[in-house]
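K.L.:
here is my input; please provide its structure:
(one chain, ligands or ions: 1)
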Amino acid sequence: MKIGVLGAGQLARMIALAGYPLGLDFIFLDPSADACANKLGEHLHGDYNDPRLLAELAERADVVTYEFENVPAEVAEFLAAHTRVYPPAQALAVAQDRLVEKNFLNTLAIPTPPYAAIDTLEQLAQVMPTIAYPAVLKSRTQGYDGKGQSLLQSANDLPAAWHKLEGVPAIVEAFVPFNREVSIIAARNVSGDVVFYPLSENIHHNGILRVAESKTGDPLQQQAETYISRLMTALDYVGVLALELFVVDGELIANEFAPRVHNSGHWTIEGSETSQFENHLRAILDLPLGSTASIGKAAMVNFIGGLPTAKQVLTIPCTHLHLYDKTPRKGRKVAHATVRAEKTEQLASAIEKLTRLAEKTDDS
Ligand code: AMP
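P.N.:
Reported below is the predicted structural model:
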């Protein structure tokens, strides 16, 4: 069985690593000659919208999936006309436009911050009294890891924030004074069976995820499961889905969802009976989904822009290192380490040591 993947970055690499024990082969389409999943399968080298390569991918793969949500809608539709593509194209279409996404969440009664669509500086100035300061101005599309975002503290910030976007359609939303950020990851297979992972509590800095920690038994687990179930049912979803949420005074407010495996679920490789990567493959192949039961306590620390030595990381007890085989570059995720421990103190101590190591090489 051959799995086609749009994108050959670290997420595709970890999907392939989970697929080998299941006897799966992989074929990746990626414009980068040295994309880090290439060694784990065949590589179709070229643009995502190259019709010749897409036809080859559709012809040769039994099922096609993707590792990022900015796949052009036409590409997903072209592939879907020729082969099975999961998650469904509609999930991509909704997730890749923050305005469509927030409207969709609201139709499902999943709370979001107040927001408004923005196409001109005048419009931005007009809506701000309703949204109120502080607020965040974001591009509607192509945004990830906080890119294309500006914090608005007062009316003085509007012109610079607007001009930074260079005229692309935008959305302004109220800044959420969150107590913490969490995400829920779930998997749904073709038959409609669903499993949920324990909430992950996530720490971002400059819009980029730094640390994610499993929170088995979190009091908000049930509410988060209710919200992500609504999304999966409405989208007739197949695969792994991640929903990012703010926690404010014990209530969940949705930020965004990602129709793919997610950075905040990397700790599931060692911290869960079945990882998010394996469950994504099981879901798109309509296999029985694996247990998401926790194995001890788990957390993940990202290495961004640079790397400590393997020895420095592995000296820390309870730690596992995942190198992505990527050349370090400013702001680039190049590796992560998972900590899995039985005791809270062991976990906290390892997270602290790893965070200190990560900060030494982090340039973002
Ligand atoms: P995003 O690219 O929208 O996921 O934003 C990246 C990170 O920026 C989030 O995980 C938050 O830490 C922060 N952020 C984005 N939007 C908001 C908001 N409306 N209120 C507070 N923090 C935000």
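K.L.:
show me what Ala212 bridges to in the sheet.
P.N.:
Asn202, Met300 (DSSP bridges).
K.L.:
was I right about it contacting His266?
P.N.:
Yes - Ala212 lies in contact with His266 (C-beta atoms under 8 Å); the separation is 7.0 Å. For glycine as for every other residue, the C-beta is placed from the backbone atoms N, C-alpha and C.
K.L.:
the spatially closest residue to His45 that is not a sequence neighbour and Ala8, how far apart?
P.N.:
Distance criterion C-beta to C-beta, 6 or more residues apart in numbering; nearest residue to His45, sequence neighbours excluded, is Ala33 at 6.0 Å. Counting by C-beta to C-beta, to the nearest Å, the gap from Ala33 to Ala8 is 10 Å.
K.L.:
what pLDDT does the residue nearest to His45 get?
P.N.:
Confidence at Ala33, expressed as pLDDT, is 93.
K.L.:
what does Pro113 give?
P.N.:
Listed pLDDT for Pro113 reads 98.
K.L.:
what does Thr268 give?
P.N.:
pLDDT, Thr268: 98.
K.L.:
and the residue nearest to His45, backbone torsions?
P.N.:
phi -60, psi -30 (degrees, to the nearest 10).
K.L.:
and for Leu285?
P.N.:
Torsion angles, degrees, to the nearest 10, at Leu285: phi -100, psi 0.
K.L.:
wait, it sits on Met1?
P.N.:
Yes - Leu285 lies in contact with Met1 (C-beta under 8 Å); the separation is 7.1 Å.
K.L.:
where do the contact lists of those two overlap?
P.N.:
Val63 (C-beta atoms under 8 Å, 6 or more residues apart in numbering).
K.L.:
the two: which has the busier surroundings?
P.N.:
Shown here are Leu285 and Met1; by other C-beta atoms under 10 Å, Leu285 has more neighbours (19 against 12).
K.L.:
pLDDT value on the more buried one, please?
P.N.:
For Leu285, the predicted pLDDT is 98.
K.L.:
so where's the stretch 101-250 of the chain shaky on pLDDT?
P.N.:
143-147 (pLDDT under 70).
K.L.:
try it again with 90
P.N.:
142-149, 165-167, 206-207 (pLDDT under 90).
K.L.:
for Gly7, which non-adjacent residue is spatially closest?
P.N.:
By the measure of C-beta to C-beta, 6+ apart, the closest residue to Gly7 outside its immediate chain neighbours is Glu67, 3.8 Å from it.
K.L.:
wait, Phe87 sits on Arg260?
P.N.:
Wrong residue type there; residue 87 is Pro, not Phe. Yes - Pro87 is within contact range of Arg260, at 7.3 Å (criterion: C-beta under 8 Å).
K.L.:
one step back: the residue nearest to His45 - how many residues pack around it?
P.N.:
Neighbours around Ala33, by other C-beta under 10 Å: 8.
K.L.:
so how far is Leu44 from it?
P.N.:
Going from Ala33 to Leu44 by C-beta to C-beta gives 12 Å.
K.L.:
next, give phi and psi for Leu357.
P.N.:
According to degrees, to the nearest 10, Leu357 has phi -60, psi -40.
K.L.:
what does Leu314 give?
P.N.:
Dihedral angles of Leu314 (phi, psi; degrees, to the nearest 10) stand at phi -80, psi -10.
K.L.:
can you tell me the helix or strand for the closest residue to it other than its chain neighbours?
P.N.:
Nearest non-adjacent residue to Leu314, counting by C-beta to C-beta, 6+ apart: Leu321, 6.0 Å away. Secondary-structure assignment from DSSP states H and E places Leu321 in strand 319-323.
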